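Asks: Quick one, fold the following:
(one chain, ligands or ions: 2)
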Amino acid sequence: MLVTFYGVRGSIASPGPSTIKYGGNTSCMHVRLNSGENLIFDAGTGIRKLGLRLAHNDEPLVLLLSHGHWDHIQGYPFFEPIYQKDREIKVLQGVEGNAQELKALLTQMDGSYFPVQAADLPSRLSTVTEVDAYLAHRNFRTERQAINHPGGGFAYRVEEDGVSFAYVTDNELFPPGTAATSYDQWVAFCEGVDLLVHDAQYEEADMPGKHGWGHSMISQVRKLAVDARVKNLVMFHHDPERTDGQLDEIALASASYFRGQGARIGSWVAAEGLVFNLRRASDPLVKTIEIDRIE
Ligand SMILES: [Zn+2]
Ligand SMILES: [Zn+2]
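Replies: Ligands and ions are numbered 1, 2, ... in the order given. So this is what the prediction gives:
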């Protein structure tokens, strides 16, 4: 399983001299499974570059949206495969019977917000509304969990050939009021995962003003990583104001936190181009994670 980060920023794209190292594109991740399937998590502005890469093959593409907020759909009109004749793209609609996310994805291509209209695209877009039934019949195993976020949405956990990956973005671990998913349920959902990608948009200084906005504090996400005994944590969905220098400091503080806890957890700050190659070695107890960075 090859996991590549194409957009790591939350809320709005934030290019500029202070975000060169980690990147300014909004949420998009690519997971290439050993089975040859391509899972794309979210269609923020990072999907543009991913689309240029995927345009050179004809493998099936499956788009899984965490939810329909702008920073998770705004790159879709610039996704090259949608302009390829008969290219098959499946969109998994997050909530059965609720077409809001899909509607947002396509209505931004209505001729007003964007010159090309969705109905005129030559690719073949199909939607899957019975998501759980669809996922139950794949070569890989996928679970979903409701995120604590205004308007709702889903986190995903994918397992294939003995390795696992979880994508939990736009999730407030301790929201005001009743949580869609409790902290203990998150611990169970993320338990033992090889690579946990989790929303870590805020720091203590952002609270209490942004309590209820649907994002977690970095300190809360670190605690989740320890409690769920994950192997690697990637802090994701950076605040648009977070500079490279601040993210460097967060990386150091996180490594030091895990050392202090006696936890052997790989600690990472999400950056565009970061690649994790997760695979199980011939010894079933040994897992290999190679880390690379692409342009
Ligand atoms: Zn977001
Ligand atoms: Zn959101």
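
Asks: Going along the chain, name the strands of the stretch 1-150 of the chain.
Replies: Using DSSP state E, counting those that start in this stretch, the strands of the stretch 1-150 of the chain run over 2-7, 28-32, 38-41, 61-64, 88-92, 124-128, 141-146.

Asks: Go through those strands and find the least confident stretch.
Replies: When the strands of the stretch 1-150 of the chain are ranked by mean pLDDT, strand 124-128 comes last with a mean of 86.

Asks: how about the strands of the stretch 1-150 of the chain in a markdown table, adding distance to residue 191 and mean neighbour count?
Replies: Using the backbone N, CA and C atoms, a C-beta is placed for each residue, glycine as well. Listed next are these as a markdown table, based on distance: least, C-beta to C-beta, whole Å; neighbours: other C-beta atoms under 10 Å:
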| stretch | distance to residue 191 | mean neighbour count |
| --- | --- | --- |
| strand 2-7 | 19 | 24 |
| strand 28-32 | 19 | 24 |
| strand 38-41 | 20 | 24 |
| strand 61-64 | 21 | 24 |
| strand 88-92 | 23 | 20 |
| strand 124-128 | 27 | 14 |
| strand 141-146 | 11 | 16 |
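
Asks: Get me the contact residues on the stretch 1-150 of the chain for ligand 2.
Replies: Within reach of ligand 2 by C-beta under 5 Å from the ion, the stretch 1-150 of the chain has these residues: residue 69.

Asks: Kindly report the residues of the protein close to ligand 1.
Replies: Selection of the chain residues close to ligand 1 by C-beta under 5 Å from the ion yields 10, 71, 170.

Asks: change it to 8 Å
Replies: For the chain, the residues in contact with ligand 1 (C-beta under 8 Å from the ion) are 10-11, 26-27, 44, 66-67, 69, 71-72, 169-170, 199, 215, 237.

Asks: Pick the one among those residues closest to residue 87.
Replies: residue 44 (20.3 Å; C-beta to C-beta).

Asks: Now for the spatially closest residue to the closest one that is not a sequence neighbour: which residues touch it?
Replies: In this structure, residue 44 finds its nearest non-sequential neighbour in residue 26, 3.1 Å apart by C-beta to C-beta, 6 or more residues apart in numbering. Residue 26 is in contact with 7, 9-13, 44-46, 71-72, 74-75, counting by C-beta atoms under 8 Å, 6 or more residues apart in numbering.

Asks: hmm, back to that, make JSON lines out of the strands of the stretch 1-150 of the chain and add distance to residue 180.
Replies: Converted to JSON lines, those look like this (distance: least, C-beta to C-beta, whole Å):
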{"stretch": "strand 2-7", "distance to residue 180": "24"}
{"stretch": "strand 28-32", "distance to residue 180": "22"}
{"stretch": "strand 38-41", "distance to residue 180": "19"}
{"stretch": "strand 61-64", "distance to residue 180": "18"}
{"stretch": "strand 88-92", "distance to residue 180": "18"}
{"stretch": "strand 124-128", "distance to residue 180": "22"}
{"stretch": "strand 141-146", "distance to residue 180": "4"}
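
Asks: Pick out the residue of the stretch 151-295 of the chain closest to ligand 1.
Replies: Residue of the stretch 151-295 of the chain nearest ligand 1, by C-beta to the ion: residue 170 (4.5 Å).

Asks: got a pLDDT number for that residue?
Replies: On the pLDDT scale, residue 170 gets 97.

Asks: and what of residue 282?
Replies: According to the prediction, residue 282 has pLDDT 69.
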